[in-house]
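**Student:** Let me see the structure of the following:
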Amino acid sequence: QVQLVQSGGGLVQTGGSLRLSCVVSGRTFSSYNMAWFRQAPGKEREFVATTRRSNGSTTYTDSVKGRFTISRDNAENTMYLQMNSLKPEDTAIYYCAASYVCSGDECTYIGSMNYWGQGTQVIVSS
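**Tutor:** This next block holds a predicted model:
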């Protein structure tokens, strides 16, 4: 049984920073492509960032480039999302996800993910 357990998040003012964590158990972490998605109130879930198992390469959605950093620690079975210069439009529930089947741009698709974390709320006040 694969489990993704998230931590971090909370309430922060505009311009502040937060770090999200996602711990994976039940299978070899290094075998997964990992990603972060988010869902704002009244909107569909959207891709945020991904880090690939093969070489740790990363992809970001345009709105977070230069502000967010995705990383992974294979020794600790953990993925992180460092979020800096937060804006009110970053307010959402953030979800980590894992995929053992996606490749390339497929790792930015919701439908490519095999496992999901429980979600964690991020609120950025103006």
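
**Student:** Would you map the strands across the chain?
**Tutor:** Taking DSSP state E, the strands of the chain run over residues 3-7, 10-13, 18-25, 33-39, 46-51, 58-60, 68-73, 78-83, 92-99, 115-116, 120-125.

**Student:** Now do the buried residues in the third one.
**Tutor:** Within strand 18-25, the residues scored as buried using 16 or more other Cβ atoms under 10 Å are Leu18, Leu20, Ser21, Cys22, Val23, Val24. Quick note: C-beta positions are derived from backbone N, CA and C, even for glycine.

**Student:** of all the strands of the chain, which lies closest to Thr108?
**Tutor:** strand 46-51 (4.5 Å; Cβ to Cβ).

**Student:** That closest one vs strand 33-39, what angle?
**Tutor:** 160 degrees (axes from the mean of the first three to the mean of the last three Cα atoms, to 10 degrees).

**Student:** Which pLDDT value goes with the nearest residue to Val5 once chain neighbours are set aside?
**Tutor:** Distance criterion Cβ to Cβ, 6 or more residues apart in numbering; nearest residue to Val5, sequence neighbours excluded, is Val23 at 4.9 Å. We note a pLDDT of 97 for Val23 in this prediction.

**Student:** just the one 4 residues further on next, same as before
**Tutor:** Arg27 carries a pLDDT score of 79 in this model.

**Student:** got it, and the one 3 residues further on?
**Tutor:** pLDDT, the model's per-residue confidence, is 88 for Ser30.
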